[in-house]
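Chemist: sequence unknown, structure follows:
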């Protein structure tokens, strides 16, 4: 452990901008959500009505989880923001740990540091302390923000600690995945895939209702935060589960560190073919990107299957709940409720797909900083051709991923109602209309790569802002012009699909992509 303190200081210095942004974002949204919900549901009658509709709506249950306590403002905050808070803090922990462990080994800096008076466990320990400490700080500040709104201190700390517990679990998960592969992208992909799986377990368990497999939520660290029941029962004992998982994952990771060579992983890198088979930039891009594309397509298909499997229950709930039936009849009956469910789900799938698009675009920057772009560009390969070889995976690959999600939705729901021929084309269309908005996010990433290469990480901020504005903007009572900043706000809602907004979004995406191409053509290839 010698040298751990110095490496902590180094990590904090390198992340002196990134970490404060994460802290301010997660704490700020917590406070803003509390203020907005206080204004929206200021009376007990409005809260009771929300409780009836929220817990009877599979769409709400799948996206947000159950509303355990609607009599208090704190219970509403936990329901509206708890799942997303857990997702964001998990992403933060993954990025921080991988950045200061596997990415450092991949760049060769860990070997240089290890040649000095630094213990073998120090790099991993520093990354775990920084990521875990930031998670705990976020949880503490979230609790203080809720207490500042005169909410119950016990419930506030239950919520803050449950959020922090997700960060701790994924600190351990990323510490473990960093030992598996020689590549930081693969490490993040494995951790991200695990996050997607546990989110699906939670969504399926919550949406299934009392008669379904609710036990699935106990397989998810995000589900554990729901079982804490902040502001309702405040079951602090549930937090022992993430603590045990964190300790076990970090312990196993520390053991593996001393049993492998620096720079190598437990999963050996595959050897290439004995003879060269890559003759074009696109062929190389396909070799580099195909694993990600296939993985995302399978994952989104699975998400579509899960959401499609609960869609039929949305209409059934109207029949089982007379009070809800009276409410829904005013907006068009059960069919309108099912349509609203699919509109929400496809929008969420579009937001998730935009993460893949940004990942595909940022592979360009990774190739550039890893000294692999210059040898390619030294051959008769144009800059435009090289950029286009990767950009096509954001444009066409995004369509493939969204089509996979629509296929999962349409097949399962169509089989349930015995009308696959009608439902499947509708679901494919509802998913694919999200594509122009996702292209806009990809365009922002390419602009940053072409014009401001040192700021390409801001691409992830663009995804986060779009997600918050789209899903939480109305609840936060933001001005409409702020909500309109998200391209997904302008996508027509299923089933009322019009092509005018899609054409404008496509045009914006084309302009941004062209600016990114032109910017890279004029700037130096940098490291």
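Modeler: Sure thing, it's come through. Values in this document were obtained by computation on a predicted structure and should not be read as measured data.
Chemist: I'd like to know which elements the helix or strand encompassing residue 442 is packed against.
Modeler: Assigned by DSSP states H and E, residue 442 falls within helix 435-451. Packing partners of helix 435-451 (3 or more CB pairs under 8 Å, 6 or more residues apart in numbering; DSSP states H and E): helix 334-369, helix 383-417, helix 458-472, helix 500-522. All C-beta atoms are positioned from the backbone trio N, CA, C, and that covers glycine.
Chemist: any chance of TSV for the ones you listed, columns distance to residue 83?
Modeler: Formatted as TSV, the helices and strands packed on helix 435-451 follow (distance: least, CB to CB, whole Å):
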stretch	distance to residue 83
helix 334-369	11
helix 383-417	19
helix 458-472	10
helix 500-522	27
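Chemist: for residue 179, find the nearest of those.
Modeler: Checking those against residue 179 by CB to CB gives helix 334-369 as the closest, at 20.6 Å.
Chemist: quick check: buried residues in the helix holding residue 442?
Modeler: 435-450 (16 or more other CB atoms under 10 Å).
Chemist: now do the contacts for the residue nearest to residue 504 when sequence neighbours are not counted.
Modeler: Spatial nearest neighbour of residue 504, chain neighbours left out: residue 490 (7.3 Å); criterion: CB to CB, 6 or more residues apart in numbering. For residue 490, the contact set (CB atoms under 8 Å, 6 or more residues apart in numbering) comprises 437, 484, 501, 504, 505.
Chemist: dihedrals phi and psi, residue 267?
Modeler: When read as degrees, to the nearest 10, the backbone of residue 267 gives phi -90, psi 110.
Chemist: ok, residue 61 next?
Modeler: When read as degrees, to the nearest 10, the backbone of residue 61 gives phi -60, psi -40.
Chemist: close enough to count as contact, it and residue 207?
Modeler: Yes: counting by CB atoms under 8 Å, residue 207 is a contact partner of residue 61 at 4.7 Å.
Chemist: more neighbours, the two?
Modeler: When neighbours are counted by other CB atoms under 10 Å, residue 61 and residue 207 differ, and residue 207 comes out ahead with 27 against 22.
Chemist: that one and residue 64 touch, don't they?
Modeler: No: applying CB under 8 Å as the test, residue 207 and residue 64 come out as separate, 10.4 Å apart.
Chemist: next one: phi and psi at residue 372?
Modeler: The phi/psi pair for residue 372 (degrees, to the nearest 10) is phi -100, psi -10.
Chemist: got the confidence number for the residue nearest to residue 504?
Modeler: If you check residue 490, the pLDDT there is 89.
Chemist: and it, how far from residue 114?
Modeler: In this view, residue 490 and residue 114 are 51 Å apart by CB to CB, to the nearest Å.
Chemist: tell me the buried residues in the helix or strand hosting residue 34?
Modeler: According to DSSP H and E, residue 34 maps onto helix 18-40. For helix 18-40, the neighbour count (16+ other CB under 10 Å) marks 18-19, 22-23, 25-27, 29-34, 36-37, 40 as buried.
Chemist: ok now the very next helix or strand once past that helix, how far from the chain's centre?
Modeler: Downstream of helix 18-40, the next assigned helix or strand under DSSP H and E is helix 44-54. The chain centroid and the centroid of helix 44-54 are separated by 29 Å under CA atoms, centre = their mean, to the nearest Å.
Chemist: what's helix 44-54 packed up against?
Modeler: Contacting helix 44-54 under the criterion 3+ CB pairs under 8 Å, 6+ apart are the following elements: helix 58-64, helix 73-100, helix 322-329.
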